[in-house]
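Enquirer: Generate coordinates for the sequence data below:
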Amino acid sequence: MSIETRAFALSVKAAGDDGTLSGYGSVFDVRDSYDDAIARGAFRASLEKHTAAGTMPALLWQHDAAQPIGVWTSVTEDDAGLRMDGKLAIDTARGKEAYSLLKMGALNGLSIGFMPKAWDFDKKTQLRTLTEVELYEVSLVTFPANEGARVTSVRSANEIKTLKDAERLLRDAGFSRSDATTFVSRVLAMGKERRDAVKTTEQAHQAAFRLLKTIQS
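Expert: Below you'll find the predicted structure:
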């Protein structure tokens, strides 16, 4: 299983000249553009592990592990979401730059890097609700002013294991949500029409996924 990110264009506030900042790295029970929602309590086990180990999630620049820009001093769950308090390293070039951009409003989002551990899936609504995640880092990110929230995935480019993976791949490639869903549904229908040539419907699905991989490459 690979690391995913969720980004929210929420208010991130900088206070004083010492580089302190606060905001929310995630909000609860909000359906995102990839049909996922994060449930209250999803971060609890991961935060307890950090506490026991005396660690904190990393504070990064745009999810770049080679560019830490400060430290998080407090990470807690409240009724709204994952509350973050931290301090930028303003005596470093990147930290100073991030702080300046934050104060100007050029940076207005926080984005979490995590691994999903447990979830529920509603077939009727096609919503995946993440009930436990392993939190690795929270980054400062840039957003267009008219976006409320968006999702990016850093799965392996060739990893297609579910219908949602196939749809995500196509949407990342520029397909609209409806076009991606229609395309995947049609490919699977073609596979089902030929299922007499395979032993199971699952094999037909896998054949369809191989076709999607070919299109991707």
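Enquirer: Ranking helices and strands of this protein by mean pLDDT, which lands last?
Expert: Least confident helix or strand, the chain: strand 149-153 with a mean of 30, by mean pLDDT, DSSP states H and E.
Enquirer: Helices along this structure, start to end?
Expert: All helices of the chain, identified by DSSP state H, fall at 44-53, 93-104, 163-172, 177-193, 201-216.
Enquirer: hey, least reliable of those by pLDDT?
Expert: Mean pLDDT per stretch puts helix 201-216 lowest among the helices of the chain, at a mean of 53.
Enquirer: and Ala65, how many neighbours?
Expert: Using other C-beta atoms under 10 Å, Ala65 has 12 neighbouring residues. (Each C-beta comes from the backbone N, C-alpha and C, glycine too.)
Enquirer: Can you verify my assumption that it contacts Ile3?
Expert: No. Under the criterion of C-beta atoms under 8 Å, Ala65 makes no contact with Ile3, lying 10.3 Å away.
Enquirer: Tell me what Leu140 is bridged to.
Expert: Trp61, Leu110 (DSSP bridges).
Enquirer: Is it correct that it is in contact with Ile112?
Expert: No. Counting by C-beta under 8 Å, Leu140 stays clear of Ile112, with 11.7 Å between them.
Enquirer: distance of Glu97 from Ala106?
Expert: 10 Å (C-beta to C-beta, to the nearest Å).
Enquirer: Compare the two (neighbour count), which wins?
Expert: Taking other C-beta under 10 Å, Glu97 and Ala106 do not tie; Glu97 has more neighbours (16 against 12).
Enquirer: Leu110 versus the more buried one, what's the distance?
Expert: Taken as C-beta to C-beta, the span from Glu97 to Leu110 is 17 Å.
Enquirer: How many neighbouring residues does Asp85 have?
Expert: Count around Asp85 with other C-beta under 10 Å applied: 14.
Enquirer: Can you tell me the closest non-neighbouring residue to Leu59?
Expert: Gly70 (4.6 Å; C-beta to C-beta, 6 or more residues apart in numbering).
Enquirer: again, but for Val12
Expert: Gly23 (3.8 Å).
Enquirer: Which residues does that neighbour form beta bridges with?
Expert: Counting by DSSP bridges, the residues bridging with Gly23 are Met84.
Enquirer: That one reaches Met84, doesn't it?
Expert: Yes. Gly23 sits in contact with Met84 when judged by C-beta under 8 Å, with a separation of 5.7 Å.
Enquirer: what do the two both touch?
Expert: Common contacts of Gly23 and Met84 (C-beta atoms under 8 Å, 6 or more residues apart in numbering): Leu110.
Enquirer: For Asp122, which residues are in contact?
Expert: 128-129.
Enquirer: what about it, distance to Arg186?
Expert: Taking C-beta to C-beta, one finds Asp122 at 24 Å from Arg186.
Enquirer: got the buried residues for stretch 90-98?
Expert: The neighbour-count criterion (16 or more other C-beta atoms under 10 Å) identifies 90, 94-95, 97-98 as the buried residues of stretch 90-98.
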